[in-house]
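**Student:** here are the coordinates; sequence isn't available:
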């Protein structure tokens, strides 16, 4: 099974499959989680089991016609409602067309599965068209909805589903998995990678193995120099060079500022950027909690505008944010 690659998924998989085996599964499962934990692998394994014709306990057989169709991503009773890119949305028309199909008998005379891999992309009208079906679903039809920690999800939609929280593994298990997958550098760096990804081992592996780790080191080095020289505008090229990473850079800044506040309160066990200890101590000793807190708030507002304001001028907004931050940067305070 695919989930054997991710040991922390085995228990959730068994729990959900067991509910189906004893006839107590809810028809609509809303899985709340974070990116990089493996929820897509979990759902794939569950839905493949549901559509298998010759189940072997908690495993799909891998040899029946249903398993063959799933392997080829061509099962007629498996509806994977994914957007083409991050700017597209799942509107009422797409959802209604899918709902119309599931009210017919399953083409393979078995279960039917409708899978929403990210509820963030369902429009309000799309949710409204889905609610009635979730309240009175057709027989042998299972809905899987993935929610990546979005607090904006409709409360009515939540009420129609059984919520399930898929948590990241413990740090000890995460470190062990990174070692087993040849991603372990040392305890400090590996633990930092896990903490800045909210404990998600798959995402931590991607950062360690890719170019993002060295990019992060360079970013913090330049951020420290910019703060020391009180010349934050020099950071603009980092932001404008790669728009895909702008939100990541803002998160890095916020995490670092949060860590500096934690340091002031001696909450050392909760520090995320363990490899930036000297920088964190410098910020903590030289800047007040008020300044650090206001800085975090201003970056969060900037992030929100970048993500949600249609047609926003990235360079102009970031220029204003950096200059404002530079202007408000106080002289060192004990």
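**Tutor:** Alright, I've got the coordinates. These figures come from a predicted structure and were not determined experimentally. Numbers count the residues shown, from 1 in each chain.

**Student:** which residues of this structure score low on pLDDT?
**Tutor:** For the chain, the stretches flagged by pLDDT under 70 are 1, 86-87, 106, 109, 151, 331-334.

**Student:** what does the domain assignment say about it?
**Tutor:** The chain breaks down by automatic domain parsing into domains covering 2-165, 211-328.

**Student:** mind checking the longest strand of the protein?
**Tutor:** Assignment by DSSP state E gives strand 141-147 as the longest strand of the chain.

**Student:** and whichever helix or strand comes after that strand, how far from the chain's centre?
**Tutor:** Next helix or strand after strand 141-147 toward the C-terminus (DSSP states H and E): helix 155-159. From the chain centre to the centre of helix 155-159 is a distance of 20 Å (C-alpha atoms, centre = their mean, to the nearest Å).

**Student:** just stretch 9-24 next, same as before
**Tutor:** Counting by C-alpha atoms, centre = their mean, stretch 9-24 comes out at 23 Å from the chain centroid.

**Student:** how close does the residue nearest to residue 213 when sequence neighbours are not counted sit to residue 244?
**Tutor:** When the adjacent residues along the chain are set aside, residue 213 lies closest to residue 207, with 5.4 Å between them (C-beta to C-beta, 6 or more residues apart in numbering). Where you see a C-beta, it was placed from the backbone N, CA and C, and this is true even at glycine. Residue 207 sits 14 Å away from residue 244, going by C-beta to C-beta, to the nearest Å.

**Student:** where does the spatially most central residue of the chain sit: helix, strand or coil?
**Tutor:** The centroid of the chain falls nearest to residue 35 when counting by C-alpha atoms, centre = their mean (2.5 Å). Using DSSP: H, G, I helix; E, B strand; the rest coil, the structure places residue 35 in coil.

**Student:** residue 29: which element?
**Tutor:** Using DSSP H and E, residue 29 sits in strand 28-32.

**Student:** and the following helix or strand past that strand with strand 28-32, angle?
**Tutor:** Once the chain leaves strand 28-32, the next helix or strand it forms, by DSSP H and E, is helix 39-50. Helix 39-50 and strand 28-32 are oriented at 160 degrees to each other (axes from the mean of the first three to the mean of the last three C-alpha atoms, to 10 degrees).

**Student:** who are the packing partners of helix 39-50?
**Tutor:** Applying 3 or more C-beta pairs under 8 Å, 6 or more residues apart in numbering; DSSP states H and E, one finds that helix 39-50 contacts helix 10-21, strand 28-32, helix 65-71, strand 112-116, strand 141-147.

**Student:** pull the distance from that helix to the chain's centre.
**Tutor:** That offset, for helix 39-50, works out to 17 Å (C-alpha atoms, centre = their mean).

**Student:** go on, stretch 221-241?
**Tutor:** On the basis of C-alpha atoms, centre = their mean, stretch 221-241 sits 28 Å off its chain's mean C-alpha point.

**Student:** show residues contacting that stretch.
**Tutor:** Contact partners of stretch 221-241, identified using C-beta atoms under 8 Å, 6 or more residues apart in numbering, comprise 219, 246, 249, 253, 256, 279, 282-283, 314-315, 318-319, 322-323, 325-326, 329.

**Student:** good, wrapping up.
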